[in-house]
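J.: Sequence and predicted structure, then a few things I'm wondering about:
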Amino acid sequence: MQWLDQISSEWALVIRIGLIVVGLILLRWILLVMVRRIVTTVTSGVKKREGAADTKALDASPLARARIVQRARTIGLVLSNLITAGLTISALIAILSELGIAIGALAAGAGILGAALGFGAQSLVRDFLAGLFIVVEDQFGVGDFVDLGAATGVVESIRLRVTQVRDAEGTVWYVRNGEILRVGNQSQGWSRIILDLPLAYNANLEKAKKALEGAAAKLTETPTIKTGLIGKAEVWGIQALAGEEVVFRMVQQVRPSKKDVITRALRQEVKKALDKAGIELATPERNARAAKK
């Protein structure tokens, strides 16, 4: 017992500091597990309601639910970072207190230093606040295809200071959240394919309309394409009229993740349908021949 008392008296400070560190590590682990369980519960609940085996399969389901999954994961990431930062600061304060360092004096000095840093690092503070609002307002989430002005592509990561975006060429862009003045999100709700076709001025418009409707109907015969369609394609008719050409507009609502694939497939079917119907697109040479006639 004397040996134990001697060790406890000599190593009391180290033991207390060790307990603080172990306690905060344990608390951090518990809080992170809770955050992960919440995110997992939200994700599993959505997948169960939609009957999807994985998150990617949710593309075939209403996109509002897929957005819930993305937002839950993003908020979970931000909360994890905040928990780690907050507990680290708490551990440092507790350890300094055990070492006999006056926390009050340090806090006063830190307040003055913080004010100076805050004045000199206003852009950094603006980035953090903008990052919080991006997550809270659900402006975009991981996996969304966005146009941030400075960069356009798929969001790979959202942090409090920067957003990581990968463009179509594979370049990764790091955009400061405070510099994002506008957000164009192409992954919320639905997207629309707009196909403008410049037909020859003397083209048979009724025949062209039927050909376009037939081309759109062909897409529904491909299962991988059909799952990305929302409703039927619409031929709006004449979009622009000039002396040399008639611009016909056709639109189709699609799920955002399938837009590029369906756009290419639709163009291919439209070309086949127009060639079969004998309808020509307007070109300078054809316009010149039509003018002579």
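T.: Structure's in. What do you need? Residues are numbered from 1 along each chain as shown.

J.: For Gln253, which residues are in contact?
T.: 190-193, 229-231 (CB atoms under 8 Å, 6 or more residues apart in numbering). (C-beta placed from N, C-alpha, C; glycine too.)

J.: how close does it sit to Ile15?
T.: 66 Å (CB to CB, to the nearest Å).

J.: do Arg37 as well
T.: 32 Å.

J.: Now do the strands in the protein.
T.: 145-147, 152-158, 162-166, 172-176, 184-185, 191-200, 229-241, 245-254 (DSSP state E).

J.: Only the buried residues of stretch 258-265, if you could.
T.: Neighbour-count burial for stretch 258-265, counted by 16 or more other CB atoms under 10 Å, picks out 258-259, 262-263, 265.

J.: Among the residues you listed, which ones are in helices?
T.: 259, 262-263, 265 (DSSP state H).

J.: a markdown table for the strands of the chain, including distance to Leu219 and mean pLDDT?
T.: Formatted as a markdown table, the strands of the chain follow (distance: least, CB to CB, whole Å; pLDDT from 0 to 100):
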| stretch | distance to Leu219 | mean pLDDT |
| --- | --- | --- |
| strand 145-147 | 21 | 89 |
| strand 152-158 | 24 | 87 |
| strand 162-166 | 28 | 91 |
| strand 172-176 | 33 | 93 |
| strand 184-185 | 25 | 88 |
| strand 191-200 | 10 | 89 |
| strand 229-241 | 7 | 87 |
| strand 245-254 | 8 | 90 |
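
J.: Can you spell out the domain ranges of the protein, please?
T.: Here the domain parsing of the chain from automatic domain parsing is 2-101, 145-185, 191-292.

J.: This structure: helices as residue ranges?
T.: For the chain, the helices defined by DSSP H cover 2-10, 12-50, 63-98, 103-120, 122-136, 205-219, 223-226, 259-277, 284-292.

J.: buried set for stretch 271-285?
T.: 273-274, 277, 279, 282.

J.: Same check on stretch 238-254?
T.: The neighbour-count check on stretch 238-254 (16+ other CB under 10 Å) flags 245-246, 248-250, 252-254 as buried.

J.: Now flag whichever of the residues you listed is closest to Leu79.
T.: Minimum distance to Leu79 across the buried residues of stretch 238-254 is 33.5 Å, recorded for Val254 (CB to CB).

J.: List the beta-bridge partners for that closest one.
T.: Ser191, Leu229 (DSSP bridges).

J.: wait, what's in contact with it?
T.: By CB under 8 Å, 6+ apart, the residues touching Val254 are 190-193, 228-230, 262.

J.: need those residues in CSV with distance to Ala85, can you?
T.: CSV is the format used below for those (distance: CB to CB, whole Å):
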residue, distance to Ala85
Trp190, 38
Ser191, 37
Arg192, 42
Ile193, 44
Gly228, 41
Leu229, 45
Ile230, 42
Ile262, 43
